[in-house]
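Asks: this is the structure alone, sequence omitted:
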Ligand SMILES: Cc1cc2nc3c(=O)[nH]c(=O)nc-3n(C[C@H](O)[C@H](O)[C@H](O)COP(=O)(O)OP(=O)(O)OC[C@H]3O[C@@H](n4cnc5c(N)ncnc54)[C@H](O)[C@@H]3O)c2cc1C
Ligand SMILES: Cc1cc2nc3c(=O)[nH]c(=O)nc-3n(C[C@H](O)[C@H](O)[C@H](O)COP(=O)(O)O)c2cc1C
Ligand code: FES
């Protein structure tokens, strides 16, 4: 058995498929933590990644929130970037031609302030060559639409999903917000609206206050919490959602090494995304791929999908 | 930009809570005046994020680059850096950001002079610039400000340069008493010819005032700005400052488009 495994290639052991898209391994990088991909080309071999998610794209460029936009907390950070981005058109014309030189799956992360904006962005991105899938950010806690976040309401989330599905030329991954009472309801709503896959979680809303000036540390007052501090919440949500949906799940939240990645797979994720760790450990994604391969070999796992949802609930 | 493990060569605490850190980086780095690195003790879990530090001194010997930093011990990140010991490993990403340009001085048909205004922990960021200007034989005036004698940084190194050095302290414990910008203003008023390019790094209020004074004398200012950074290489978009562009503005990243910006374009 072990001999058998040692002759298996990295891609045989680590390759996965989600919504018909083949990924060479289950390690992707999360939206907003990887720029438009190219910034990392100097630091890691992009060809080794399963894939990456672009910074959130809107139909038109956006300026974003006033600074300060970030603050470090214990085991994590709060951000209120306000979705500053170059716009879907510039992504297609300026970034995609360069990104196509790399052998990795490109996922365009999309957001809007209204249904029309989602559709407008998707229609621009449909023209771009080399995008594998869309990831819909319905959960950004910094951006409000008439006070409500789409991702907080199952019916609003479902209507965005089905509207986007009608125009999208590529598989649609819906990225869920953790800022809800019952994430299973959200997951089921977007699944029945036609989502091809789910990714979770986005950031959790938080606040930090300077006790001397008594002012909020972020100009926006609230921001999204990310980093290792959120991992147990993310693992719990992946586990809960995996119990109720049939579509594949991509796990996100506080992943900083291969052990964290394995934990998400066992909980029910088919793939994972690395976010905040990219900032303080730019080669984290590559080390995670190497670590996963070694773990599989040592644990005698011939295909990583064997791990998915392998959580053992009944004590022996 | 290199992501690499550096080794602590020397570390010394001095003055009112300052630290000088010398690292060896096992590769040749092309570092220019005003650039910075992101640093964190290796394998340290908390704090998570690396801290931005300007290069103070750089020396390449064989295939190793020796870099010096001087920083103020403030919170968790700088505290952790100050606890390093010789031989310890440091996660190093750099060099990052744009550098101070001396082109504005050289391009003109007339010869311009350089004026450097630095304060507090902005001082380390301008030593390499001052050295470069002096090497190019540009007439250079340096104004260094600090709260007190024990907050002055790098006087030994700056005094070695063939530049005119003015020191001010808020409490008058050394040099002129008062803010560095007051000395700057008096100096400019006395000049027959205001043919300077101004470079500044320090507390935001000092740079703002420097830029205002320079503008009132018709001079250009290049300011090295600070912002809280998560990544240091452009991907988080967390470190922005507001930059004026004709009738509009944009948020630009201090770590990529900066840290050096033209003073008159910054919305202070
Ligand atoms: C390009 C650049 C170059 C720098 N060069 C130097 C240098 O040569 N020497 C030096 O002493 N410092 C320098 N700094 C500032 C240094 O990065 C901060 O002092 C450091 O990040 C504070 O970390 P901490 O963990 O000690 O503080 P934290 O615990 O993070 O915070 C302590 C206090 O410092 C403030 N703070 C945190 N980050 C920054 C920041 N980036 N700028 C200003 N205030 C901040 C916080 O608001 C808080 O009040 C530079 C910053 C930048 C952006
Ligand atoms: C600075 C920052 C910006 C982000 N921007 C986006 C974004 O544009 N779109 C999105 O869907 N998620 C965005 N996220 C959320 C991440 O993709 C990820 O879901 C979250 O940070 C949790 O993972 P982590 O703990 O590994 O960072 C952002 C996160 C951070 C920290
Ligand atoms: S610090 Fe992340 S973009 Fe500048």
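Replies: Received, thanks. Keep in mind it's a predicted model, so treat the numbers as computed, not measured. Ligands and ions are numbered 1, 2, ... in the order given.

Asks: ends of stretch B:56-70, what's the gap?
Replies: By CA to CA, to the nearest Å, the extent of stretch B:56-70 from end to end equals 7 Å.

Asks: mind listing what's buried along it?
Replies: Residues B:56, B:57, B:58, B:64, B:65, B:66, B:67, B:68, B:69, B:70 are the ones in stretch B:56-70 that count as buried (16 or more other CB atoms under 10 Å in any protein chain shown). C-beta: built from backbone N, CA, C; applies to glycine.

Asks: now, the residues you listed that are in strands?
Replies: Counted as lying in strands by DSSP state E, out of the buried residues of stretch B:56-70, are B:57, B:58, B:64, B:65, B:66, B:67, B:68, B:69, B:70.

Asks: about what we covered before: ok, which pair from the buried residues of stretch B:56-70 is furthest apart?
Replies: Pairwise distances across the buried residues of stretch B:56-70 peak at 20.4 Å for B:64 and B:70 (criterion: CB to CB).

Asks: can you give me the strands for the stretch 1-150 of chain B?
Replies: Using DSSP state E, counting those that start in this stretch, the strands of the stretch 1-150 of chain B run over B:2-14, B:18-25, B:36-41, B:51-54, B:57-61, B:64-72, B:89-96, B:113-119, B:140-146.

Asks: each with direction, which strands does the longest one pair with?
Replies: Paired with strand B:2-14 in the same sheet, following DSSP bridges, are strand B:18-25 (antiparallel), strand B:89-96 (antiparallel).

Asks: and the last one, what's buried?
Replies: Neighbour counts over strand B:89-96 (16+ other CB under 10 Å) mark B:90, B:91, B:92, B:93, B:94, B:95, B:96 as buried.

Asks: what pairs with the last one across the strands?
Replies: On DSSP bridges, the residues paired with residue B:96 through beta bridges are residue B:36.

Asks: distance check, it against residue B:254.
Replies: Taking CB to CB, to the nearest Å as the measure, residue B:96 falls 10 Å from residue B:254.

Asks: quick check: residue A:258 touching residue A:285?
Replies: No. At 10.3 Å, residue A:258 does not count as touching residue A:285 under the criterion of CB atoms under 8 Å.

Asks: residue A:213: neighbour count?
Replies: Using other CB atoms under 10 Å in any protein chain shown, residue A:213 is surrounded by 8 other residues.

Asks: wait, which of the strands of the stretch 1-150 of chain B is closest to residue A:209?
Replies: strand B:51-54 (22.0 Å).

Asks: just checking: what are the partner strands of the closest one?
Replies: Strand pairing for strand B:51-54, using DSSP bridges, gives strand B:36-41 (antiparallel).

Asks: quick check: bridge partners of the residue nearest to residue A:136 when sequence neighbours are not counted?
Replies: Residue nearest to residue A:136 in three dimensions, not counting chain neighbours: residue A:174, with 5.0 Å by CB to CB, 6 or more residues apart in numbering or on different chains. Residue A:174 has these beta-bridge partners by DSSP bridges: residue A:136, residue A:198.

Asks: can you list the strands paired with strand B:2-14 in CSV and add distance to ligand 1 and mean pLDDT?
Replies: Output for the strands paired with strand B:2-14, formatted as CSV (distance: least, CB to the nearest ligand atom, whole Å; pLDDT from 0 to 100):
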stretch, distance to ligand 1, mean pLDDT
strand B:18-25, 8, 98
strand B:89-96, 8, 98
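
Asks: quick one: closest of these to residue A:20.
Replies: With CB to CB as the yardstick, what comes closest out of the strands paired with strand B:2-14 is strand B:89-96 (37.3 Å).

Asks: strand B:64-72 and the closest one, what's the angle between them?
Replies: With axes from the mean of the first three to the mean of the last three CA atoms, to 10 degrees defining the directions, strand B:89-96 sits at 90 degrees from strand B:64-72.

Asks: is strand B:89-96 up against ligand 3 anywhere?
Replies: No. Under the criterion of CB under 6 Å from any ligand atom, ligand 3 is not reached by strand B:89-96; the shortest gap measures 8.8 Å.

Asks: that strand to strand B:57-61, inter-axis angle?
Replies: Orientation of strand B:89-96 against strand B:57-61 (the same axes, to 10 degrees) gives an angle of 100 degrees.

Asks: got a list of contacts for strand B:89-96?
Replies: Residues from elsewhere that reach strand B:89-96 (CB atoms under 8 Å, 6 or more residues apart in numbering or on different chains): A:280-282, B:1-8, B:23, B:25, B:29-32, B:35-43, B:50, B:52, B:55, B:81, B:84, B:232-233, B:255.

Asks: format the strands paired with strand B:2-14 as TSV; extra columns: distance to residue A:222.
Replies: Putting the strands paired with strand B:2-14 into TSV (distance: least, CB to CB, whole Å) gives the following:
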stretch	distance to residue A:222
strand B:18-25	34
strand B:89-96	29
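
Asks: columns distance to ligand 2 on top of those strands, output as TSV?
Replies: What follows is these, written out as TSV (distance: least, CB to the nearest ligand atom, whole Å):
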stretch	distance to ligand 2
strand B:18-25	28
strand B:89-96	17
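
Asks: the ones you listed: which one's closest to residue B:178?
Replies: Nearest of the strands paired with strand B:2-14 to residue B:178, taken as CB to CB: strand B:18-25 at 21.9 Å.

Asks: ok, and what's touching the closest one?
Replies: With contact meaning CB under 8 Å, 6+ apart, strand B:18-25 is reached by B:2, B:4, B:6-14, B:56, B:64-73, B:78, B:81-82, B:84, B:90, B:92, B:121, B:151, B:153.

Asks: for the closest residue to residue B:100 other than its chain neighbours, give its distance to residue B:118.
Replies: Nearest residue to residue B:100, sequence neighbours excluded (CB to CB, 6+ apart): residue B:34, at 4.0 Å. Distance, residue B:34 to residue B:118, using CB to CB: 11 Å.

Asks: between the two, what contacts are shared?
Replies: Shared contacts of residue B:34 and residue B:118, defined by CB under 8 Å, 6+ apart, comprise B:125, B:126, B:201.

Asks: doesn't residue B:128 make contact with the last one?
Replies: Yep, that's residue B:201 we're talking about. No. Look at residue B:201 against residue B:128 with CB under 8 Å: they stay out of range, at 11.4 Å.

Asks: please say which of those two ends up with more neighbours.
Replies: Neighbour comparison, residue B:201 and residue B:128: the larger count goes to residue B:201, with 29 against 21 (by other CB under 10 Å).

Asks: could you give the bridge partners of the more buried one?
Replies: Beta-bridge pairing for residue B:201 (DSSP bridges): residue B:118, residue B:224.

Asks: this completes my enquiry, with thanks.
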